[in-house]
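# Just need the structure, nothing else, for what follows:
(one chain, ligands or ions: 1)
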Amino acid sequence: MMGFAPAMILIFPRLFFRSTLHAGSAASVNVLLRIPPIWFLLCWSGHCNLSSVGPACRRPTSQQCCAGVRYTSSNHISKMTTKAQKITTKEQADTFLAKFDVFLFDCDGVLWSGNTLLPKVAETIAMLKKLGKQVVFVTNNSTKSRAAYKKKLDSMGIPAEVNDIFGSAYSAAVYINRVLNFPKDKKVYVLGESGIEEELESEGVRYCGGTDPEERRAISPEDYDAIGPDPEVGAVLCGLDTHVNYLKLAKAHAYLQDPNVLFLQTNDDSTYPSHGKLFPGAGSIAAPLKYSTRRQATALGKPNQSMMDAIASKFQFDRSKACMVGDRLNTDIQFGLGGGLGGTLLVLTGVSKVEEIQGDDAPIVPHYYADKLGDLYSEDAAN
Ligand SMILES: [Mg+2]
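Down below sits the predicted model:
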């Protein structure tokens, strides 16, 4: 016989989780969110629907809601895919394009490297739009808000609307506000750039740290005495912070001593591709805190499926007709595979290399790969 408490959770998941979250038991929530069945219940009860535009996953299939959390074993994903097919010829590109109505594009390492647009990218995106394809930009880079990303896309000759852009900073802000129902009397301590601040502001979430110039300095003897718990801080959120320093890490470390303070990341990318090279990514900013506190963080960007659910909910597309295009296997491609998309395309202009998808023991294998996004471009289709 099922016990009373499990039975009540199964019957009234929404009631159970709302009461838990409203009670402000952040430590309990942090533990619960690590249990796959709890994610399933959260999604089933509507809690992982990050979008305000409709139910994303009230009745998820095994491939959809929470799939990225369930499939933590990437080997399981590889067994569900066939060997990647390389796209080199015009015929292969045309066949590939005809399969999909929606394309989700990662940005860094796919569209550009740093501030350098990759070859034929603007032409390829314009061609897709002309062919009637839906184009959505999905980036783990939290340094820019969606509005700032629109400016960058526009400046690169890729016209876009804010609503066509999903960033990990936005995903994290919506998660904190709408899924966690973050208490209004609490604030988020930010290790990150203005992109996170702007998205938290857009969701009405209070924050501290971030780009505060007072914290962009070396730690002082007085700081060692002053740093300690802050009852107003309810979460630490780590993104890519190009001004990270010991003072910020020390503050975050102090806040995370309280088990009720949530430990969140916009994304866990170990590296960041820019200027044709790799630099430390957002995951490397959070890594010292994971080491010093012995705590794990919840990362809210790709491959977390809460981000996919928000995108699918907003655009209401058929996942079998959607393709994720990215340069990184353990974020972009795993995001598309875990989300049950019909296609995933790895481009070799960023982080992951072709050697990583070859061999029977390759852990994550996309459906397709190409040397660069511009290889999809066809003058015939564009004109
Ligand atoms: Mg990338």
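
# just the residues of the stretch 1-150 of the chain that are near the ion, which are they?
Residues of the stretch 1-150 of the chain found near the ion (C-beta under 5 Å from the ion) are Asp106, Asp108, Gly109. All C-beta atoms are positioned from the backbone trio N, CA, C, and that covers glycine.

# if we go to 6 Å?
For the stretch 1-150 of the chain, the residues in contact with the ion (C-beta under 6 Å from the ion) are Asp106, Asp108, Gly109, Val110.

# Got the phi and psi for the second one?
The reference is to Asp108. For Asp108, the backbone dihedrals (degrees, to the nearest 10) come out as phi -60, psi 130.

# That one pairs with what?
When bridges are called by DSSP bridges, Asp108 pairs up with Trp112.

# Now do the contacts for the residue nearest to Lys321 when sequence neighbours are not counted.
Distances taken as C-beta to C-beta, 6 or more residues apart in numbering put Asp101 closest to Lys321, at 4.4 Å, once the chain neighbours are dropped. Contacts for Asp101 were tallied using C-beta atoms under 8 Å, 6 or more residues apart in numbering; they are Gly132, Lys133, Gln134, Phe317, Asp318, Lys321, Ala322.

# show me where the stretch 51-200 of the chain has strands.
Under the criterion DSSP state E, counting those that start in this stretch, the stretch 51-200 of the chain contains strands at 85-86, 102-105, 112-113, 116-117, 134-139, 165-167, 187-191.

# what's the closest of the ones you listed to Leu376?
Closest to Leu376 of those, according to C-beta to C-beta: strand 102-105, at 9.4 Å.

# Quick check: neighbours of the closest one in the sheet, parallel or antiparallel?
Partners of strand 102-105 in the sheet, by DSSP bridges, are strand 134-139 (parallel), strand 322-326 (parallel).

# most neighbours per residue, which of the ones you listed?
The highest mean neighbour count among the strands paired with strand 102-105, using mean count of other C-beta atoms under 10 Å, belongs to strand 322-326: a mean of 28.

# Show me what that one is in contact with.
Residues outside strand 322-326 that contact it (C-beta under 8 Å, 6+ apart) are 99-106, 109-110, 138, 302, 332-333, 335-336, 339, 341-347, 350, 367, 373.

# Ok, stretch 347-360 next?
For stretch 347-360, contacts defined as C-beta under 8 Å, 6+ apart pick out 84, 106, 108-110, 113, 118, 271, 273, 278, 325-329, 333, 346, 362, 364-366, 369-373.

# Quick one: buried ones out of these?
With burial judged by 16 or more other C-beta atoms under 10 Å, the buried subset of the contacts of stretch 347-360 is 84, 106, 108-110, 113, 118, 271, 273, 325-329, 333, 346, 362, 364-366, 369-370, 372-373.

# any idea how far Ala172 lies from the ion?
To the ion, Ala172 is 17 Å away according to C-beta to the ion, to the nearest Å.

# That residue and Thr266 touch, don't they?
Yes. With contact defined as C-beta atoms under 8 Å, Ala172 counts as touching Thr266 (4.8 Å).

# Quick check: neighbours shared by these two?
Applying C-beta under 8 Å, 6+ apart, one finds that Ala172 and Thr266 are jointly contacted by Ser142, Ile196, Leu237, Gly239, Leu300, Gly301.

# Quick check: chain neighbours aside, which residue is closest to the second one?
Right, the one you point to is Ile196. Distances taken as C-beta to C-beta, 6+ apart put Ala169 closest to Ile196, at 4.5 Å, once the chain neighbours are dropped.

# wouldn't the one you found be in contact with Cys238 here?
No. Assessed by C-beta under 8 Å, Ala169 is found out of contact with Cys238, at 11.4 Å.

# which neighbours do those two share?
With C-beta under 8 Å, 6+ apart, Ala169 and Cys238 have common neighbours Gly192, Thr266.

# Of those two, which one has the most company?
Per other C-beta atoms under 10 Å, whichever of Ala169 and Cys238 has more neighbours is Ala169, with 36 against 33.

# could I get the strands paired with strand 102-105 as TSV with mean pLDDT and distance to Val354?
Below are these laid out as TSV (pLDDT from 0 to 100; distance: least, C-beta to C-beta, whole Å):
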stretch	mean pLDDT	distance to Val354
strand 134-139	96	23
strand 322-326	98	14
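
# Quick one: closest of those to Ala287.
Closest approach to Ala287 among the strands paired with strand 102-105 is made by strand 134-139 (20.7 Å; C-beta to C-beta).

# The closest residue to the ion within the stretch 201-350 of the chain: what's it in contact with?
The ion sits closest to Asp327 of the stretch 201-350 of the chain, with a gap of 4.4 Å, by C-beta to the ion. By C-beta under 8 Å, 6+ apart, Asp327 lies in contact with Asp106, Asp108, Gly109, Val110, Pro273, Leu346, Val347, Leu348, Thr349, Gly350, Val351, Ser352.

# How about the residue of the stretch 1-150 of the chain at minimum distance from the ion, nearest residue that isn't a chain neighbour?
Among the residues of the stretch 1-150 of the chain, Gly109 lies nearest to the ion; the distance is 3.7 Å by C-beta to the ion. Ranked by C-beta to C-beta, 6+ apart and with sequence neighbours excluded, the top spatial neighbour of Gly109 is Gly350, at 2.1 Å.
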